[in-house]
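Visitor: any chance you could fold what I've pasted below:
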Amino acid sequence: MKKSITSILIRYSLAVFFSFNFPLFYSIFRPITSFLFFTMISLFYDASMHGNYIFFNSFSVELVDACVAASAYLLLLLLNLLTPGMRIAKRFLLFVFSSTIFLAFNLLRLLFSAFTLKTDKLFFDATHWFFWFFSVFLVVLVWFFSVKIFKIKEIPFYSDFKLILKFAKSPRKQA
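Guide: The predicted model follows:
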């Protein structure tokens, strides 16, 4: 039981640490997203990249923080850390797997949005907002898919809460 409580303290401390160091996710995922998006758009157009801007086909696209979707990666990490019963290697692989899937969907979203620039601004804005709202559900879908693939049986936070309640209700040995 002590090992479980120690695990909870470590995992929740890490969750708090990463939550307070949220810019770390931008520093990791902004270059990856920018480079891969630029590479993908270059397959279709003569493109150039200057800072956060990608120029192609007489358009320019600025990859702002929201495009990177760092909060989605943080949410995936928090779900990972708040799920008990995994070894460190499995936890790491689960995060890499779920982040890679989300990154792929995010890149497709960016690419599709960029292609809608050719039609008109209103259509671009509509699809952009649709995908933005859909990305919240996408994180949940990616998490459930990852849990199924990795055969995770525990539930984030809830499983820890049940364990703490069980520990609190168990009789203590008197010294």
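
Visitor: give me the distance between the residue nearest the centre of the chain and residue 42.
Guide: For the chain, the residue nearest the mean C-alpha position is residue 73 (2.1 Å; CA atoms, centre = their mean). Going from residue 73 to residue 42 by CB to CB, to the nearest Å gives 24 Å. For every residue, glycine as well, the C-beta is placed using N, CA and C.

Visitor: contact partners for residue 77?
Guide: 15, 18, 95 (CB atoms under 8 Å, 6 or more residues apart in numbering).

Visitor: my bad, should have said residue 97
Guide: Residue 97 neighbours (CB under 8 Å, 6+ apart): 146, 149-150.

Visitor: ok, it to residue 86 distance?
Guide: 13 Å.

Visitor: hang on, the earlier thing: which one of the contacts of residue 97 is nearest residue 6?
Guide: Closest approach to residue 6 among the contacts of residue 97 (CB to CB): residue 150, at 22.9 Å.

Visitor: can you get me a residue count around the closest one?
Guide: As a burial measure, residue 150 scores 16 neighbours (other CB atoms under 10 Å).

Visitor: again with residue 144
Guide: There are 12 residues near residue 144, going by other CB under 10 Å.

Visitor: phi, psi for it please.
Guide: phi -60, psi -40 (degrees, to the nearest 10).

Visitor: only the buried residues of the lowest-mean-pLDDT helix or strand in the chain, if you could.
Guide: When the helices and strands of the chain are compared on mean pLDDT, DSSP states H and E, helix 158-169 comes out lowest with a mean of 84. Residues 159-160, 163 are the ones in helix 158-169 that count as buried (16 or more other CB atoms under 10 Å).

Visitor: from the contact counts, what lies against it?
Guide: Helix 158-169 sits against helix 2-20, with contacts defined as 3 or more CB pairs under 8 Å, 6 or more residues apart in numbering; DSSP states H and E.

Visitor: chain center to the helix it packs on: distance?
Guide: 19 Å (CA atoms, centre = their mean, to the nearest Å).

Visitor: please apply the same query to stretch 113-120.
Guide: 26 Å.

Visitor: what do you get for stretch 23-39?
Guide: Distance of stretch 23-39 from the chain centroid (CA atoms, centre = their mean) equals 13 Å.
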